[in-house]
Each structure stands twice: as C-alpha cells, then as structure tokens.
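give the three-dimensional model of this entry:
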Amino acid sequence: MSKIKLFLIFALPSLMFGFVAFGLNTLQSKDEMRKKEVMQFLEMYNKIYPKLYSISAEANWKSSTDVSEEHTGQRIGADETLAAFQGSGYVINQTKKFLKQKDNLDYLTVKQLEKILRSAASYPGTIPDIVSKRVQAEAKQSQILDGFEFNVAKNGEQKKIITPNQIDEILTTSKKLEERKHIWEVSKQSGVALKNGLMELQTLRNRVAQEMGYNSFFDLQVSDYEMSVNEMTQLMKNINNDLKPLYEQIHCWAKHKLAKRYNQPVPKKIPAHWIGNRWSQAFPGIVEGVDLNSLFKNKSPEWTIQQAEKFYTSLDMPKLPKSFWEKSDLYELPPDSKRKKNTHASAWHMDLENDVRSLMSVKSNYDWFETTHHELGHIYYYLAYSNKDIPVTLREGANRAFHEAIGDLIAIAAHQPKYLKEIGVMPETMQIDQTQWLLNEALDNAVVFIPWSAGVMTHWEHDFYEEKLQPNQLNERWWKYVSEFQGIEPPTKRGEEFCDAATKTHINDDPAQYYDYAMAFIIKYQLHMYIAKNILKQDPHNCNYYGNKEVGKFLWDLLKLGATKNWREVIKEKTGEEISSKPMLEYFNPIFEYLKKENLGKDVKW
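Residues are numbered from 1 along each chain as shown. Down below sits the predicted model:
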C-alpha cells in the first residue's frame with residue numbers, strides 16, 4: 001500500500017478536522033457558526049481534491065496513451081488514492097450533516113455539497129475493499145479494451161491485425177457483402193474478451209451505489225440530473241416516440257437503397273453488416289452525391305486540427321494553450337506499433353485549470369474534421385469554466401449532456417456549406433442539393449442516432465444494472481433492443497458466447513450515462529435553431545458561425561457558467577423555451593415531407 005494512500009486513510013481525517021474551526025466566538029449565531037463551518041469544509045475539499053484529481057488524470061492519461069501493465073498499475077494506485085479521499089467517511093458524514101440544514105445555505109453552497117456527496121457515492125469509504133476492487137477492475141477492463149488487437153485472419157490463416165479505423169473504412173466503402181460480414185464480425189471480437197470483466201463490474205458498481213442508498217449504479221448516474229430512473233427512462237421514451245415517425249421514413253428509404261446497392265431483396269429489418277457503422281448508430285455513405293471525404297484528400301491531419309482551433313478563435317475565444325499541442329496525442333498509430341492507445345476520440349481536463357488535452361487518431365477525412373471540431377468543443381468548455389468564479393467542484397457542464405451538446409453543436413456548424421466554402425474546402429461553384437445534404441446529415445449523425453442512444457444503449461444499461469442481467473441474458477437483450485428501436489438484425493444469430501454490448505467503449509468506461517448523448521442531441525438543435533434564427537438570422541440549414549463574435553459571446557457566456565445553475569434554467573434562459581425535441585423536428589421537417597413522398601405505398605414498419 002502506498003504511503004500516500006496510508007496517509008489518506010489514517011491522517012486525512014485529522015488534517016480535515018484541522019480546517020474546521022473550534023472556539024468560535026460565542027456571540028456568533030448558530031447560523032453564522034454553521035455557515036462558517038461549511039465554508040471551511042468546502043475550502044478544505046477544494047484544496048485537496050484538485051491535487052489528487054490531477055495525479056489520477058495523469059495516470060489515466062498514461063494508461064490510455066501507452067497501454068501496459070505498469071501504466072495500468074499506476075492508474076489503479078492513483079485512482080484508489082483519489083477514491084479514498086472522495087469517499088472518506090469524514091467527507092460523507094460532514095456533507096450529509098450540512099445538507100440536513102440546506103434550507104439555511106445558499107444555492108451555490110448546496111450545489112457543491114450535493115456534487116461532493118454524489119462523488120462519494122461512487123467510492124464510499126465505508127466499504128473500502130469493494131471500492132478498491134472496482135478501481136482495479138475498471139483499470140483492467142480499460143487495458144483489455146485499449147490494447148485489444150482485432151484479428152482479420154480467417155481460420156488457418158496467419159494472424160493479421162487490423163485497426164478500428166481500418167474496420168470503419170472497409171464498412172464505409174466495401175460493396176462485397178461477404179467481406180462486410182467478416183469485418184463486422186471481427187469488430188465484435190473484443191466483446192468476448194470483455195464479458196467476464198463487465199459482469200464483475202456490474203456487481204461492484206451496483207454495490208457502491210447501494211451503499212449510499214441508490215437502487216443501482218444506473219440510479220446513481222441518473223441522479224446527476226436531479227431526476228429519478230423512471231423520469232429519465234420516460235424522457236428517453238418520449239424523445240424516441242417524437243422522432244420515431246421520421247426515423248421510420250429514413251429506415252424504409254435506407255433499406256431500399258441498400259438492397260439495391262447489394263442486389264438483395266428488400267428486408268423488413270436491415271442486416272447490421274449492410275450499414276457503414278459498427279453499431280448502426282449512423283448510416284453513412286448511403287446518400288448519393290454527398291461525398292464529403294473527397295473534399296479533404298489534399299488536407300493533412302495537422303491542418304484538420306489547426307482549422308478546428310481557428311473556428312473557435314474566429315468566435316473571439318482564446319487560442320489553445322501551448323501545452324495542448326505539446327501534451328496531446330492526436331494522430332493514428334500504425335497497425336504494427338508496439339505502443340497501443342485508446343482509439344476513441346476524447347478530451348481531457350487534467351488539472352481542472354488550463355492543462356487540457358485530446359486523445360485522437362486523426363486522419364484526413366470529413367469524419368475526423370467533424371470530430372476535431374467536436375472534441376475542441378469540450379476543450380473550450382473546460383477553459384471557459386476554469387475561472388475564479390466557479391468552485392472547483394462545479395467545473396463541469398450544466399449537466400453531463402451539455403458537454404456533448406456543445407461539441408455536437410460545433411459539429412453542426414462544421415457541416416454547413418457556407419463555412420466549408422469560406423475556409424476553401426468546398427469549391428465556391430459547387431452546387432448543393434439541400435434536400436440530399438440534409439438527408440445525409442439525418443442519416444450520418446443525427447436522427448439515426450436517437451433510437452441507438454435513447455433506445456438501445458439507455459434501455460440495455462438500465463436493465464443491466466437495475467435488473468442485474470445474467471451472463472446468459474446479455475446478447476439476447478441487446479439484440480432485442482437493437483431490433484425494437486433500430487430495426488436492425490445481425491447477419492447471423494448471435495448467441496451468449498458473444499457480448500456485443502461490450503464492444504462499445506462507453507459500456508466499459510463511461511457506464512450508465514449514454515442518455516447524455518440523446519439529451520445532447522436535443523439540446524444542440526435547440527441551441528442551433530436559436531443561434532441561426534435570432535443571432536445569425538440565416539437559414540438553419542446553411543448558416544455560418546465562423547467569425548461571428550456575437551455567436552462566440554452567446555456560447556462563452558453559457559460555457560463559463562459551469563455547473564453553477566440548474567440545467568433546465570440554463571436552457572430556458574438561453575433559448576426562451578423548456579427542453580424540447582420540437583426544434584430538432586423542425587430542422588429536419590423538409591426531409592420528412594420528402595421521404596413520405598419517396599416511400600409512398602411502402603410499409604415503413606418493421
């Protein structure tokens with residue numbers, strides 16, 4: 001056991017206690033004494049937490065950018081140390097005590113205390129052995145995921161490793177169904193390796209949540225929105241139902257197009273290997289005449305990231321810190337690289353101040369152009385709320401969905417023809433069919449995403465933690481929801497020897513939070529429609545944020561709030577409306593009308 005950890009376990013309570021004032025002036029009222037005690041507790045917490053958080057972030061960064069047993073061990077040690085502080089009995093007891101009198105405390109103080117208690121619920125010091133096991137299990141699960149080698153060789157052939165980017169490229173471009181089927185099956189190999197660890201994590205995650213009074217780990221994660229499990233699942237069902245008529249039209253149109261492409265009969269449900277995405281969370285490459293990748297063939301990966309930064313600075317936001325360029329890991333590794341890294345794009349806030357980094361595998365294509373704009377959205381959110389007015393514990397998005405919403409909002413802006421023409425990527429003379437352009441957006445990264453995020457992922461993780469799904473139920477339940485919400489089926493039956501849910505990074509590393517993305521999509525279109533109509537006064541389907549400082553101020557004023565205000569109030573104040581899927585439906589209404597004509601006489605159900 002490390003000296004730091006021993007210190008935290010045995011000496012920390014005394015250190016903390018030292019921050020609490022004794023011998024307060026007897027003339028002070030009880031309220032004043034209580035408030036002073038709370039302030040001293042928060043001062044203590046906000047001094048210690050960032051230091052331990054930063055050590056943990058550095059260890060996690062190493063374990064994600066250079067996968068090894070050594071770095072995994074360092075991550076476990078750092079995470080256990082942070083967990084020992086966050087979940088210490090002293091922190092839990094003091095926070096609970098203060099919250100019993102929250103009616104006498106101001107909103108910002110209560111908000112900090114509630115955030116601290118939710119953090120403690122993930123690592124309760126009352127069950128240190130369970131917490132330690134969870135930290136170790138998560139580190140090992142990430143090591144398997146990040147270092148996994150996809151083997152494309154068939155039976156009897158010599159092992160041949162393929163990268164996730166190469167898998168995606170084949171699924172995007174190949175017209176050969178047998179090749180597509182094989183590559184799609186290769187993409188599911190990691191699930192088998194991750195299944196046992198995931199079952200262990202189900203038990204450990206539920207146990208820590210239940211220790212603090214939550215029904216399940218899913219319940220704990222939902223509480224960040226100040227909502228119950230039933231309220232969240234109902235919201236996701238409502239979003240699905242609102243978008244379903246449009247998705248049904250898209251699904252019908254897409255399956256006819258794909259059946260023609262592969263010279264196959266039109267199916268009721270779309271075979272998963274027909275789709276150019278490993279999970280069918282997007283339907284890329286189906287709309288004819290919209291090939292954005294070709295626009296970037298002469299651009300370098302370095303240019304791609306630099307242009308994303310220019311987008312933000314054009315809005316009067318600051319340049320990225322020099323350390324971002326020095327410390328980030330931005331480019332794809334070759335397949336034979338001895339170093340392995342997590343290939344899922346991510347943004348990192350290392351010290352809750354200005355050490356911000358990104359982990360990507362950038363290539364010269366449209367997907368990475370959009371992704372770099374998205375990831376820098378997270379980075380600029382970090383920079384905006386890392387200011388003296390925001391307590392360390394509230395340096396987060398207004399809710400978890402807001403972080404994704406901002407990244408996705410900028411991805412919408414990056415997709416606009418006016419922007420692409422202004423930066424010289426799209427020729428000025430290039431004519432755009434607005435209907436096909438909008439249809440491509442709906443298929444590639446918008447409407448198609450809702451049944452996946454609000455449907456499959458949310459409902460499966462709900463069942464996994466709330467119902468404690470057993471190992472012989474995982475794949476059956478997964479494909480039940482894929483069929484129900486997405487209208488997709490596997491090329492051949494997938495038994496319980498597989499664990500296809502575990503192939504998705506978030507199931508392992510960001511568990512029970514995928515509804516964040518569905519909510520983010522609703523928020524981003526609400527923000528985009530407001531910006532286009534009220535600030536830019538331009539067509540929402542062809543507007544240009546680039547260089548508009550009023551748009552920049554609108555966004556920066558939102559970002560710099562962090563988590564200091566209720567998220568519903570933020571949406572209402574910024575857009576004048578409660579959270580709603582109506583702006584997203586309005587945005588895509590032109591293609592809804594178009595598709596109803598295209599699908600006339602066809603059965604859109606599955």
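
where in the protein is pLDDT low?
1-28 (pLDDT under 70).

can you do 50?
Regions of the chain meeting the criterion pLDDT under 50 cover residues 3-4, 6-10, 17-24, 26-27.

could you point out the helix or strand that follows the biggest strand by length in it?
In the chain, with assignment by DSSP state E, the single longest strand is strand 356-362. The C-terminal neighbour of strand 356-362 among helices and strands, as given by DSSP states H and E, is helix 366-385.

report all helices and strands that that following helix contacts.
helix 301-314, strand 346-349, strand 356-362, helix 400-415, helix 549-559 (3 or more CB pairs under 8 Å, 6 or more residues apart in numbering; DSSP states H and E). C-beta: built from backbone N, CA, C; applies to glycine.

tell me the most buried of the ones you listed?
For these, average neighbour numbers computed from mean count of other CB atoms under 10 Å are highest in helix 400-415, which has a mean of 24.

could you quantify the relative orientation of it and helix 366-385 as an angle?
Per axes from the mean of the first three to the mean of the last three CA atoms, to 10 degrees, the angle that helix 400-415 makes with helix 366-385 is 130 degrees.

roughly how far is helix 400-415 from the heart of the chain?
11 Å (CA atoms, centre = their mean, to the nearest Å).

what of stretch 180-193?
With CA atoms, centre = their mean as the basis, stretch 180-193 stands 23 Å off its chain's centre.

try stretch 492-511
Counting by CA atoms, centre = their mean, stretch 492-511 comes out at 17 Å from the chain centroid.

just to revisit the earlier point, can you put the helices and strands packed on helix 366-385 in TSV and add distance to H462?
As requested, those are exported to TSV (distance: least, CB to CB, whole Å):
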stretch	distance to H462
helix 301-314	35
strand 346-349	24
strand 356-362	29
helix 400-415	16
helix 549-559	30
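
nearest to C543, of the ones you listed?
Closest of the helices and strands packed on helix 366-385 to C543 is helix 400-415, at 8.0 Å (criterion: CB to CB).

for the closest one, C-alpha coordinates in CSV please.
Output of helix 400-415 as CSV, limited to C-alpha atoms (Å, rounded to 0.1, in the frame of the first residue of the first chain):
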residue,chain,number,x,y,z
ARG,A,400,-23.3,15.9,-18.4
ALA,A,401,-25.3,16.3,-21.7
PHE,A,402,-24.2,19.9,-22.1
HIS,A,403,-20.6,18.9,-22.8
GLU,A,404,-21.7,16.7,-25.6
ALA,A,405,-24.3,19.2,-26.8
ILE,A,406,-21.6,21.9,-27.2
GLY,A,407,-19.3,19.6,-29.1
ASP,A,408,-22.1,18.4,-31.3
LEU,A,409,-23.4,21.9,-31.9
ILE,A,410,-20.0,22.9,-33.3
ALA,A,411,-20.1,19.7,-35.4
ILE,A,412,-23.3,21.0,-37.0
ALA,A,413,-21.6,24.3,-37.6
ALA,A,414,-18.6,22.5,-39.2
HIS,A,415,-21.1,20.8,-41.6
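
can you name every helix or strand that that helix contacts?
Under the contact criterion of 3+ CB pairs under 8 Å, 6+ apart, helix 400-415 touches helix 301-314, helix 366-385, helix 515-530, helix 549-559, helix 567-575.

possible to save those as CSV with distance to E428?
What follows is the helices and strands packed on helix 400-415, written out as CSV (distance: least, CB to CB, whole Å):
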stretch, distance to E428
helix 301-314, 18
helix 366-385, 18
helix 515-530, 24
helix 549-559, 23
helix 567-575, 33
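
chain center to stretch 335-342: distance?
Centre-to-centre, stretch 335-342 and its host chain are 23 Å apart (CA atoms, centre = their mean).

likewise stretch 236-246?
Between the centre of stretch 236-246 and the centre of its chain there are 20 Å (CA atoms, centre = their mean).

how about it: buried residues?
236, 239-240, 242-243, 246 (16 or more other CB atoms under 10 Å).

do the same with stretch 489-505
For stretch 489-505, by 16+ other CB under 10 Å, it's 489-491, 494, 498-505.

mind saving the C-alpha coords of that stretch as CSV?
Below are the C-alpha coordinates for stretch 489-505, written out as CSV (Å, rounded to 0.1, in the frame of the first residue of the first chain):
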residue,chain,number,x,y,z
GLU,A,489,-30.7,-7.5,-37.1
PRO,A,490,-27.3,-9.4,-37.1
PRO,A,491,-26.2,-11.2,-40.2
THR,A,492,-26.4,-14.5,-38.3
LYS,A,493,-27.7,-15.3,-34.9
ARG,A,494,-25.5,-14.0,-32.1
GLY,A,495,-25.5,-16.3,-29.0
GLU,A,496,-24.5,-15.7,-25.5
GLU,A,497,-20.9,-16.7,-26.2
PHE,A,498,-20.6,-13.2,-27.6
CYS,A,499,-21.1,-9.9,-25.7
ASP,A,500,-21.8,-7.4,-28.4
ALA,A,501,-22.8,-4.6,-26.0
ALA,A,502,-19.3,-4.6,-24.5
THR,A,503,-17.7,-3.7,-27.9
LYS,A,504,-18.9,-0.2,-27.2
THR,A,505,-16.4,1.9,-25.3
